[in-house]
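Asks: how would this look folded up:
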Amino acid sequence: MASFGSAPVSRRQLLKQSSVLSALGVAAAANPMTGIAAALAEPAVETLAPSGFPQLTGLEADNLYTALGVRPIVNAHGTFTIITGSRSLPEVKRAMYEASFYFVQLDELMEAVGKEIASLTGAPGAIVTTGCEAAIALATLACTTGANIEQCQALPYVRGKTRVIIPTHSRNPYDFGVRMTGAEIVEVDTPELLREELTAQVAMVYVLSGPASATGAMSIANICTIAREKGVPVFVDAAAEEPLSPNIHIQAGASLVGYSGGKCMRGPQAAGLLLGDATLCRAAWFQASPHHNYGRAYKVGKEEIMGMLAAVRQWYKRDHAGEQRAWQGWLDTIAARVKTLPSVTTEILQPDDLSNKSPRLRIHWDANALKITGTEMVQRLDAGTPRIMVDGGTGSRPGHMASSLTIMPYMMNAGEETIVADAILDGLTKPGSYSDPVVAQGSPAQLGGNWLVTIHYVRGVGVQHFALQQEGNMLTGLQQGEIYTAQLTGTVHGDQVYLHSVMKVSGHAITWEFTGTHLGDTFSGSADMGEYGTVPFKATRA
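Replies: I've put the predicted structure just below:
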């Protein structure tokens with residue numbers, strides 16, 4: 001391929017987008033392209049479904065998901081992958097559909113698409129990836145071996161550069177994209193230590209964009225200045241950020257920047273962007289499918305490539321100020337419905353950076369007055385029809401009755417604010433009956449000492465050791481896992497045992513909640529690992 005382009009766009013055309021979204025199905029017309037072509041020729045203000053396609057809202061009681069027994073969600077939570085990210089734009093849906101009708105040579109396609117995306121984003125080069133995590137991995141590979149075919153083929157067993165530096169404030173679950181390449185992570189927390197660790201073995205510096213890296217001695221700008229002294233590339237993870245043009249991180253000295261396609265840009269969920277140095281972008285593409293290199297698994301299809309291009313084009317046309325006003329208006333509607341209720345107060349939370357840049361509404365109340373806690377309200381909304389997911393709730397019985405609920409309008413659709421407001425009002429005014437948790441009676445079981453703990457995973461068995469100390473009903477101790485350790489806290493009431501820990505792992509943490517019943521020299525029950533599921537465990541006194 002030739003260069004990926006470098007000419008930035010100096011202005012943005014602001015065109016107001018309709019909030020009505022199209023969903024594509026099987027065309028009834030003999031030539032399905034006729035409807036698509038006609039729709040694409042219409043003004044962008046009107047985003048109705050193309051001729052021959054159903055006009056859907058996402059609220060239909062019967063749909064392709066309910067046919068499988070899967071309940072769709074009214075999304076008042078945000079662009080989380082677990083709930084399928086964002087609602088893709090109509091232009092994205094149309095581009096992906098049209099792209100599916102043709103065969104193209106992928107190197108030629110990425111050359112052309114990368115050139116236009118680079119121009120739009122104000123970056124020297126660009127490629128489309130299968131998400132920001134893939135952008136992280138491909139950036140690491142590009143910085144490790146470039147496009148040296150022998151070194152690429154020798155990965156991960158032979159490598160000239162073995163390390164990636166990550167500031168301590170930037171460690172996070174997504175730096176798995178670095179670790180999965182086989183690179184060794186080196187943490188630094190001062191400029192002096194960064195300079196010391198910038199050896200010939202370092203392939204790249206990874207920085208997570210956010211408030212912690214915006215200012216100070218370990219800001220992105222300072223890190224880039226220091227890394228430039230040794231000629232080491234810097235990758236900035238800006239997954240959920242707005243892609244300002246010209247790119248602020250490249251202006252600060254970053255070599256590469258990664259974005260998610262399925263967040264604020266409302267592109268394909270399985271797509272992302274890698275922007276920056278044109279030769280590094282080309283090397284990253286060289287590592288990925290369709291090429292038979294270490295990054296072959298990161299296959300981005302023609303549909304995602306063209307859908308991502310459509311999303312980037314639309315980003316620089318969308319009326320972002322108008323979107324902010326709409327979101328604020330929806331929150332005002334919800335607040336107005338509930339703020340006259342006893343003990344209820346509301347507040348607007350403003351974003352503090354470019355990630356998830358939307359206001360949020362937090363509703364506060366006293367569960368003693370309204371008879372439902374925030375956590376109970378979250379469960380009620382999730383179980384309701386339509387199913388509503390919000391941005392978290394607080395409050396628990398009996399000791400924490402001060403409650404709250406947070407609404408994120410970022411991925412809501414026009415009209416859904418009324419649905420959310422009605423459901424919350426119904427919950428606060430007709431809460432039903434909730435009881436305090438039942439606490440087992442009798443003398444607490446004696447659990448002090450050492451325990452051998454068997455975890456029965458979905459596949460495989462893990463063995464851990466607990467060393468517990470007990471004072472009355474209170475438990476503390478050490479959780480010794482097979483690799484990692486954590487501090488345990490908990491309670492025992494009668495024969496009912498509860499233990500909690502936060503196990504720090506590389507760049508992340510696993511939260512454990514052990515709930516079980518004591519019997520003789522054992523206690524057993526379920527171990528809740530949060531996003532990783534709930535599995536049985538059995539502890540035997542050692």
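Asks: geometric centre of this structure: which residue is closest?
Replies: Phe80 (4.5 Å; Cα atoms, centre = their mean).
Asks: next one: that one from Gly516, what distance?
Replies: 30 Å (Cβ to Cβ, to the nearest Å). Using the backbone N, CA and C atoms, a C-beta is placed for each residue, glycine as well.
Asks: what does Tyr97 give?
Replies: Noted for Tyr97: a distance of 52 Å to Gly516, by Cβ to Cβ.
Asks: and if you look at Glu376?
Replies: With Cβ to Cβ as the criterion, Glu376 and Gly516 are 24 Å apart.
Asks: buried set for the helix or strand hosting Gly516?
Replies: Gly516 belongs to strand 508-519 when assigned by DSSP states H and E. Neighbour-count burial for strand 508-519, counted by 16 or more other Cβ atoms under 10 Å, picks out Ile510, Trp512, Phe514, Thr515, Gly516, His518.
Asks: compute the inter-axis angle for the helix or strand following it and strand 508-519.
Replies: Toward the C-terminus, strand 508-519 is succeeded by strand 522-528 as the next helix or strand (DSSP H and E). If you take axes from the mean of the first three to the mean of the last three Cα atoms, to 10 degrees, strand 522-528 sits at 150 degrees to strand 508-519.
Asks: and strand 522-528, what does it pack against?
Replies: On a contact count with 3 or more Cβ pairs under 8 Å, 6 or more residues apart in numbering; DSSP states H and E, strand 522-528 meets strand 508-519, strand 534-541.
Asks: how close does the residue nearest to Leu331 when sequence neighbours are not counted sit to Gly322?
Replies: Distance criterion Cβ to Cβ, 6 or more residues apart in numbering; nearest residue to Leu331, sequence neighbours excluded, is Leu361 at 4.1 Å. Distance from Leu361 to Gly322, counting by Cβ to Cβ: 19 Å.
Asks: how about Gly272?
Replies: 26 Å.
Asks: give me the more crowded residue out of these two.
Replies: The neighbour comparison of Gly272 against Gly322 (other Cβ atoms under 10 Å) goes to Gly272, with 30 against 13.
Asks: would you format the helices and strands packed on strand 522-528 as TSV with distance to Lys339 and mean pLDDT included?
Replies: Putting the helices and strands packed on strand 522-528 into TSV (distance: least, Cβ to Cβ, whole Å; pLDDT from 0 to 100) gives the following:
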stretch	distance to Lys339	mean pLDDT
strand 508-519	34	97
strand 534-541	37	98
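Asks: distance to His456 added to the ones you listed, as JSON lines?
Replies: Formatted as JSON lines, the helices and strands packed on strand 522-528 follow (distance: least, Cβ to Cβ, whole Å):
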{"stretch": "strand 508-519", "distance to His456": "13"}
{"stretch": "strand 534-541", "distance to His456": "5"}
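Asks: which one of those strands lies nearest to Gly258?
Replies: strand 508-519 (18.2 Å; Cβ to Cβ).
Asks: give me the sheet partners of that closest one and which way each runs.
Replies: strand 496-505 (antiparallel), strand 522-528 (antiparallel) (DSSP bridges).
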